[in-house]
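>>> starting from these lines, generate the structure:
(one chain, ligands or ions: 1)
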Amino acid sequence: MAQRKNPCVLLCVTGCIAAYKSCEIVRLLQKEGMRVKVLMTEHAARFVGPTTFRALTHEKVAIDLFDDPEDPIHHISLAQEADVVLIAPATANIIAKMAQGIADDLMSTTLLATKAPVVVAPAMNNGMWTASATQENMETLRRRGVRVVGPGTGYLACGDVAEGRLTDLSEIVEATVSSLDPDVVSGPLSGSSILVTAGPTHEPIDPVRFIGNRSSGKMGIELARAARNAGARVTLVLGPCDIIPPAGVKTVHVETAHEMLEASLDAFARCTHAICAAAVADYTPSRPANHKLKKTLEPLDVLELKETVDILAELSRVKGDRRVIGFAAETDEVCDYAMRKLERKGCDAIVANDVSRADSGFGRDTNKAWWVTSSGIEEFPLLTKKALAERIVSKL
Ligand code: PMT
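As a prediction, this is how the structure comes out:
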């Protein structure tokens, strides 16, 4: 599969105790397929050394306006190279400079010169944040189209518990990735829109109990990430799980098989492909109680179940010439059962995975799978779910 060009994030780190969190931001952005370049102020370099960022990014770290002898107009090349600029943490000082158009060091000149989308994640003492000057500057930046994330409320370095701390890092990464111009993330699936279902479903017995399964959501989430990296617009319909969905992917959170069906049909109306990796409950309680069932008064002798709608079969029924890929979780005769599912459900291909192995299937980081179509079976080696997801997406 031809790889998309890795978009470049220019991460601007300013002088604030939260600067140490920028190291983790680098890692999270790289995980999302971004190339990260770091630009620091001299004050930021007092909190975290440039060597740390150089080691994390494998790129030169820019600090001084005149520090790159090979690049005489460093602030312009940095400004032009960035596909998106993230300032995290952003101090009151850099926010004020941006609002006023002050350009007196490498960071402020670069920010004035760039045409890339800009995301600002402020972090400062609550008094500085709530000061009228800062609030008016923020208003100016918002009006100019700068995207602002946070600040969050919590424990601040000065000891106060108040608004001013750097917001949740996943929120910052999400805002950065989703600010990218779609043309920058062009790849082999540019122009496609893909629905991915992932995770388990929870079928309520009463308000506190449910029928569920051991799906962690990892496989489907890696598929969503791989499809996004290939340039597709992705809608992820995700059952209950603890994993943070990839940035730049539209995620619809659902609980039950019925909610997953509704969300999937709705999204598929706007999609060119669907991949159903979710472990959907085949049965759901017919009459879930609306109060907690009492152990002694209402013994649960028989739990009456009804069949759920098969989402994969339903999408295949309405697909026309769009492509629908299913999964088959099997413990024995894996490919035989998968072939039968392919015929019964009417999809274009099935990824058959062996869920009896200790290194494959539910909750694992690796998966042993086969690509099953009406024209034959292709065996994949044991792969990480990330690598398997990339192989599956390359088939599209
Ligand atoms: O989430 P992980 O921990 O990473 O684990 C990944 C996985 C093992 C869950 C995944 O790789 C997988 O195999 N997903 C399908 C699990 C499953 O329910 O398989 P199945 O053989 O019961 O269903 C066959 C296909 O029908 C699947 O595409 C399933 O999404 C779909 N289906 C099933 C029932 C239903 N009501 N609606 C459906 O769409």
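>>> every contact and neighbour count from this point should use C-alpha atoms.
OK.
>>> spell out which residues of this structure are next to the ligand.
Proximity of the chain to the ligand (Cα under 6 Å from any ligand atom) is limited to residues 199, 215-219, 276-282, 308-312, 326-329, 353, 361-363.
>>> inside helices: which ones of the residues you listed?
The subset of those located in helices under the criterion DSSP state H comprises Lys218, Met219, Ile311, Leu312.
>>> ok now stretch 281-293, how far from the chain's centre?
Shown here is stretch 281-293, whose average C-alpha point lies 32 Å from the average C-alpha point of the whole chain (Cα atoms, centre = their mean, to the nearest Å).
>>> can you check stretch 379-388 too?
Worked out by Cα atoms, centre = their mean, stretch 379-388 lies 20 Å from the chain centre.
>>> out of the residues of the chain next to the ligand, which are buried?
In terms of neighbour count (16 or more other Cα atoms under 10 Å), the buried residues within the residues of the chain next to the ligand are 199, 215-219, 276-281, 308, 310-312, 326-329, 353, 361-363.
>>> now, those residues that are in strands?
Secondary structure of those is defined by DSSP state E; positions in strands are Cys276, Gly326, Phe327, Ala328, Ala329, Asn353.
>>> hey, what's the third one bridged with?
Spelled out, it's Phe327. For Phe327, the beta-bridge partners under DSSP bridges are Val351.
>>> could you shift the numbering so residue one becomes 846, and keep it that way?
All set: I'll call the first residue 846, so the last point we hit is now Phe1172.
>>> distance of whatever residue of the stretch 846-995 of the chain ends up closest to the ligand from Glu904?
Across the stretch 846-995 of the chain, no residue is closer to the ligand than Lys876, which sits at 17.8 Å (Cα to the nearest ligand atom). As judged by Cα to Cα, to the nearest Å, Lys876 and Glu904 stand 16 Å apart.
>>> what of His888?
When distance is defined by Cα to Cα, His888 is 20 Å away from Glu904.
>>> grab the most central residue of this structure for me.
The centre of the chain sits closest to Pro1091, judged by Cα atoms, centre = their mean, with a distance of 1.0 Å.
>>> that one is in what secondary structure piece?
Assigned by DSSP states H and E, Pro1091 belongs to no helix or strand.
>>> where do the helices sit along the stretch 1096-1241 of the chain?
For the stretch 1096-1241 of the chain, helices defined by DSSP state H, counting those that start in this stretch occupy the ranges 1102-1113, 1156-1163, 1179-1190, 1230-1239.
>>> any stretches of the stretch 846-995 of the chain with poor pLDDT?
Under the criterion of pLDDT under 70, the regions of the stretch 846-995 of the chain flagged as low confidence span 846-850.
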